[in-house]
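Could you look at this predicted model? Sequence included:
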Amino acid sequence: MAARILHRLRHALSGEGGREERACGSAEAEDCPESSELEDDTEGLSTRLSGTLSFTSHEEEEEEEAEGAGEELGQPPQPAAAGAEDGEWGPAAERAGGSSLLTRQLQELWRRSRGSLAPQRLLFEVTSASVVSERSSKYVLYTIYLIRSGRFDKAPAAIARRYSDFERLNRCLRCRFGCDMAGIAFPRKRLRQNFTAETIAKRSRAFEQFLSHLHSIAEIRRSPEFLEFFFLQDLQAAQRLTCTGMYREALATWANAYRLQDRLGACGSSRFLLTLAGLAVCHQELDELGEAHGCCEQALQLLEAQGSHPLLGPFLQAHIHLAWKVGKDKRRSEARLQDLREAGPPLQQQPTLKECLIKEPLE
């Protein structure tokens, strides 16, 4: 019917001198029924929309941003050239209007959402795996990096764990979080071919997915079992190194434990305060007084809302001593220490920060 109306309109405009055109129009009306018009229109719509989500390369994207700058300021988009060749979205004569605008709008929306709505999440990546042979055992040691997406970490947080460590974590979490763990897969133990490249590669990917799935469940990622899987071994090793006077090696291990807790969002726990104490002690022993003072300040900020804590007095004493050494203000810490002295045991009976660090049981 639309073809017939178009034919009559052409007939009225052309007058008596357009017999050839009328004949052609009549043939079109006979050869093109309504069903074929709908099919043709559907094909044209499909062709016009076929390129709306096809994004260009980075260089072409920058050119489009420059061309679309006027649109962001409220200016109308520039129409496509009349003589443009057929491109990604079909003939230019058919698609220079709506489809070009729609494509540009969708691309602009995608670019904006890509930068503003990208979620910040923690990624677990197995960067290497090595076969370790000891006197009575042989195992694979997997190195896992904790990476925050959308940020550049100058110093990565890393752990090295073997299959038995993952298996112990899986067993503990299934005992406590049976329902949440029901849908989480864990790679099975094999009797043979545990040290082939194929098995190690498959397990590496499986461990990445395993940790990511655990971290996606709020109750599990806040549980002591999950958190201490990452940093308890570092804390124990750092404590042993500190007790034996190997402060440079201990400092690196304390620092990695600090980064792990920071990535995992565990900066309000007693373990984190102990980590700050280890950093402060090692920095002070290595004559890095400014860094030690900064660790004490961070710990005192975390302890600001707490009236009493076993590490509050030792941190205040260390902060006052270091502030005097580096020429910083120590009056606030002195006042807090005076209040603490009046409410608790005499100052002489309070242990130093190093003594607290050595005596703290880490299990």
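Everything's here; your move. Being a predicted model, the structure only gives us computed values, none of them experimental.

which stretches of the stretch 201-350 of the chain have low pLDDT?
Applying pLDDT under 70 to the stretch 201-350 of the chain flags the ranges 307, 344-348.

for it, what spans make up the helices?
Assignment of helices within the stretch 201-350 of the chain using DSSP state H, counting those that start in this stretch yields the ranges 218-221, 224-243, 247-264, 270-285, 289-302, 312-326, 331-343.

mind putting the ones you listed in JSON lines, distance to residue 188 and mean neighbour count included?
(Glycine included, C-beta is placed from N, CA and C.) Converted to JSON lines, the helices of the stretch 201-350 of the chain look like this (distance: least, C-beta to C-beta, whole Å; neighbours: other C-beta atoms under 10 Å):
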{"stretch": "helix 218-221", "distance to residue 188": "21", "mean neighbour count": "14"}
{"stretch": "helix 224-243", "distance to residue 188": "20", "mean neighbour count": "19"}
{"stretch": "helix 247-264", "distance to residue 188": "27", "mean neighbour count": "20"}
{"stretch": "helix 270-285", "distance to residue 188": "32", "mean neighbour count": "23"}
{"stretch": "helix 289-302", "distance to residue 188": "42", "mean neighbour count": "19"}
{"stretch": "helix 312-326", "distance to residue 188": "47", "mean neighbour count": "21"}
{"stretch": "helix 331-343", "distance to residue 188": "54", "mean neighbour count": "14"}
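
now for these, which one comes closest to residue 171?
helix 224-243 (9.8 Å; C-beta to C-beta).

got the contact list for the closest one?
146, 159, 161, 165, 169, 172-173, 176, 214-215, 220-221, 247, 249-250, 253-254, 256-257, 260-261, 264, 266, 269, 271, 274-275, 278, 281-282, 354, 357-358, 360, 362 (C-beta atoms under 8 Å, 6 or more residues apart in numbering).

rerun that using 7 Å as the cut-off
159, 169, 172-173, 176, 214, 220, 249-250, 253-254, 256-257, 260-261, 264, 266, 271, 274-275, 278, 281-282, 357-358, 362 (C-beta atoms under 7 Å, 6 or more residues apart in numbering).

now the angle from it to helix 270-285?
20 degrees (axes from the mean of the first three to the mean of the last three C-alpha atoms, to 10 degrees).

tell me the angle helix 224-243 makes with helix 247-264.
Here helix 224-243 points in a direction 160 degrees away from that of helix 247-264 (the same axes, to 10 degrees).

Please save the CA atoms from helix 224-243 in PDB.
C-alpha atoms of helix 224-243 as PDB (Å, rounded to 0.1, in the frame of the first residue of the first chain):
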ATOM      1  CA  PRO A 224      40.300 -15.300  60.000                       C
ATOM      2  CA  GLU A 225      40.800 -18.500  58.100                       C
ATOM      3  CA  PHE A 226      40.800 -16.800  54.700                       C
ATOM      4  CA  LEU A 227      42.900 -13.800  55.800                       C
ATOM      5  CA  GLU A 228      45.500 -15.600  57.700                       C
ATOM      6  CA  PHE A 229      46.000 -18.000  54.700                       C
ATOM      7  CA  PHE A 230      47.700 -15.000  53.100                       C
ATOM      8  CA  PHE A 231      49.700 -13.200  55.700                       C
ATOM      9  CA  LEU A 232      50.100 -15.500  58.800                       C
ATOM     10  CA  GLN A 233      53.200 -17.300  57.400                       C
ATOM     11  CA  ASP A 234      54.800 -13.900  56.600                       C
ATOM     12  CA  LEU A 235      54.100 -12.700  60.100                       C
ATOM     13  CA  GLN A 236      55.600 -15.800  61.700                       C
ATOM     14  CA  ALA A 237      58.700 -15.600  59.500                       C
ATOM     15  CA  ALA A 238      59.200 -11.900  60.200                       C
ATOM     16  CA  GLN A 239      58.900 -12.400  63.900                       C
ATOM     17  CA  ARG A 240      61.600 -15.200  63.800                       C
ATOM     18  CA  LEU A 241      63.900 -13.000  61.800                       C
ATOM     19  CA  THR A 242      63.400 -10.000  64.200                       C
ATOM     20  CA  CYS A 243      64.100 -12.200  67.200                       C
END
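
pLDDT below threshold where in the stretch 1-150 of the chain?
Ranges of the stretch 1-150 of the chain meeting pLDDT under 70: 1-120.

sorry, back to before: as JSON lines, the helices of the stretch 201-350 of the chain with distance to residue 136 would be great.
Shown next, in JSON lines, are these (distance: least, C-beta to C-beta, whole Å):
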{"stretch": "helix 218-221", "distance to residue 136": "34"}
{"stretch": "helix 224-243", "distance to residue 136": "21"}
{"stretch": "helix 247-264", "distance to residue 136": "26"}
{"stretch": "helix 270-285", "distance to residue 136": "32"}
{"stretch": "helix 289-302", "distance to residue 136": "40"}
{"stretch": "helix 312-326", "distance to residue 136": "42"}
{"stretch": "helix 331-343", "distance to residue 136": "51"}
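
What's the separation between the nearest residue to residue 172 once chain neighbours are set aside and residue 260?
If the residues on either side of it in the chain are set aside, residue 172 comes closest to residue 225, at 4.7 Å by C-beta to C-beta, 6 or more residues apart in numbering. Using C-beta to C-beta, to the nearest Å, residue 225 is found at 15 Å from residue 260.
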